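K.L.:
Show me the folded form of this:
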Amino acid sequence: MPASTPIADLADIDLSDMEFWARPLRERHAAFARLRRHPPVFFTEPDLGPVPTGPGYYALVRHADVVEASRTPQVFASQPSAISIPDLPEGFNEFFGSMINLDDPRHARMRRIVSRGFTPRMLAKLQDDVQRIAEDIVDDLVRTGPCDFVSAVAARLPLTVICELMGIPEEHRRMVFDNSNIVLAGNDPDYLGADVETALTRLLTAGGELAGLLAELAAERRAAPTGDLTSALVTADIDGEALTDQELGSFFILLAVAGNETTRNAISHAVKLLTLHPEQRELWWSDFEAYAAPAVEEVIRYASPVVWMRRTVTRDHEMNGHRYRAGDKVVLYYASANRDSAVFTDPDTFDITRHPNPHVGFGGPGPHFCLGAHLARREVTVMLRELHRRVPGIRSTGRPERLVSNFVNGIKSMPCAF
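P.N.:
Below you'll find the model as predicted:
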């Protein structure tokens with residue numbers, strides 16, 4: 001299915017084919033609009049070589065289906081995996097997915113312990129840190145001039161925030177950045193190589209290095225706690241519950257990847273969208289604070305940095321007129337739900353005044369709603385506020401280089417000027 005050939009009808013849409021995800025965004029959104037006019041469509045799973053091909057999956061593309069599945073975790077379970085459509089080994093899923101791949105009561109236990117680390121004092125300090133880091137980044141941008149926006153601005157903020165939050169020394173931060181790119185590389189050969197075996201090796205190596213770094217840091221913090229999140233996590237004890245070393249390492253992989261990659265993509269998409277829609281930039285810039293909250297929500301809806309999550313049906317169940325069987329795999333396409341015309345007026349229009357805006361860009365309602373949503377909103381808002389204040393004319397000056405992935409709507413690089 002060459003990317004230059006228009007999609008003629010429903011039978012030509014294959015969400016398991018990476019050539020579909022290489023198509024221009026407008027073609028992909030048009031395909032999802034076509035899928036939304038039909039009952040859940042069943043797709044076969046891709047051939048991943050050493051990974052057995054599974055039974056296939058239903059694509060949940062309507063907002064109503066995504067929301068209901070999200071709020072019904074007893075039927076639509078995150079185990080064995082929420083981040084992989086093929087059934088990978090159980091240890092692999094927990095190592096790379098942490099609590100994302102767990103259901104209650106294990107999910108509730110881990111989330112309870114992790115949440116304990118985010119005390120009011122730490123959250124207040126974190127807000128100050130985000131502001132300081134954003135100011136430093138824009139200082140450097142002004143000195144540097146036109147550059148790659150992703151590496152110079154968008155990627156630096158969440159990476160620095162997470163590393164400072166966890167107490168990661170400066171000399172390890174490049175490693176954290178590079179390995180987080182690999183873990184969320186999708187199918188991009190620039191990060192994973194050209195074959196499945198190489199990709200799995202690089203993925204396991206990246207995860208191992210991230211977990212190893214946290215294991216060393218955890219040992220230091222147990223011996224001499226400081227005020228960082230690592231110290232809070234290794235010393236947390238709620239009714240006798242604490243994170244094991246394996247859980248701690250897996251959570252760091254989740255934090256480093258989800259907190260870094262998705263936020264940087266939201267910031268990158270924001271600048272691209274404001275370049276493509278100058279009337280929206282002019283409106284937002286006319287009163288930044290008045291429009292900031294709805295504008296950030298619209299960026300998340302429109303860009304949908306995380307494209308999907310998977311669930312597995314635990315028992316026979318009927319939802320919105322379709323009968324699912326125990327064991328069925330379903331994939332919640334947030335990128336499609338966020339363009340559902342049954343919920344959003346003119347869904348393909350970027351509108352920073354949109355209200356209401358019940359997007360599912362941070363996941364649907366329920367126990368797996370993004371734990372870092374508040375921090376992500378804060379980072380995007382602060383970074384754009386600094387750009388508005390210091391370089392209000394910043395714009396993308398060329399076509400973004402997009403990540404080859406069906407999981408993350410990522411931008412690898414994007415030239416900018418101001």
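K.L.:
okay, now Gly398: neighbour count?
P.N.:
11 (other CB atoms under 10 Å). Yep, even glycine has a C-beta here, placed from its N, CA and C like the rest.
K.L.:
pretty sure it is in contact with Ile411, am I right?
P.N.:
No. Under the criterion of CB atoms under 8 Å, Gly398 makes no contact with Ile411, lying 11.6 Å away.
K.L.:
Give me the common contacts of the two.
P.N.:
Residues within reach of Gly398 and of Ile411 at once, by CB atoms under 8 Å, 6 or more residues apart in numbering: there are none.
K.L.:
after the helix ranked longest in the chain comes which helix or strand?
P.N.:
Assignment by DSSP state H gives helix 245-276 as the longest helix of the chain. Sequence-wise, the next helix or strand downstream of helix 245-276 (DSSP states H and E) is helix 278-286.
K.L.:
Measure how buried Pro24 is and give me the count.
P.N.:
Residues near Pro24, counting by other CB under 10 Å, number 11.
K.L.:
what's the spacing between it and Ala232?
P.N.:
Pro24 is 45 Å from Ala232, where distance means CB to CB, to the nearest Å.
K.L.:
where are the low-confidence patches of the stretch 101-250 of the chain?
P.N.:
238-240 (pLDDT under 70).
K.L.:
can you pull out the strands in it?
P.N.:
147-148 (DSSP state E, counting those that start in this stretch).
K.L.:
returning to that earlier point: of all the residues in the longest helix of the chain, which ones are buried?
P.N.:
247-274 (16 or more other CB atoms under 10 Å).
K.L.:
How about stretch 290-305?
P.N.:
So stretch 290-305, judged by 16+ other CB under 10 Å, has buried residues 291-292, 294-305.
K.L.:
cool, stretch 54-71 as well?
P.N.:
57-63, 65-70.
K.L.:
so which of these would you say is closest to Phe418?
P.N.:
Set against Phe418, the nearest of those by CB to CB is His63 (36.7 Å).
K.L.:
any idea how far the closest one is from Thr198?
P.N.:
For His63 relative to Thr198 (CB to CB), the value is 38 Å.
K.L.:
How about Lys125?
P.N.:
To Thr198, Lys125 is 41 Å away according to CB to CB.
K.L.:
Pick out whichever of the two has more residues nearby.
P.N.:
Set Lys125 next to Thr198 and count neighbours by other CB under 10 Å: Lys125 wins out with 15 against 12.
K.L.:
so which helix or strand takes in His29?
P.N.:
Here His29 is assigned to helix 25-36, by DSSP H and E.
K.L.:
whoops, Leu371 was the one
P.N.:
Going by DSSP H and E, Leu371 is not part of any helix or strand.
K.L.:
List the contacts of it.
P.N.:
Neighbouring residues of Leu371 by CB under 8 Å, 6+ apart: 111, 114-115.
K.L.:
7 Å instead?
P.N.:
Arg111 (CB atoms under 7 Å, 6 or more residues apart in numbering).
K.L.:
swap in Pro367?
P.N.:
73, 104, 107-108.
K.L.:
Same list, those residues, but as CSV with neighbour count and distance to Arg325 please.
P.N.:
Shown next, in CSV, are the contacts of Pro367 (neighbours: other CB atoms under 10 Å; distance: CB to CB, whole Å):
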residue, neighbour count, distance to Arg325
Pro73, 18, 18
Asp104, 13, 23
His107, 19, 24
Ala108, 13, 27
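K.L.:
Mind pulling up the pLDDT for Arg264?
P.N.:
In this prediction, Arg264 carries a pLDDT score of 95.
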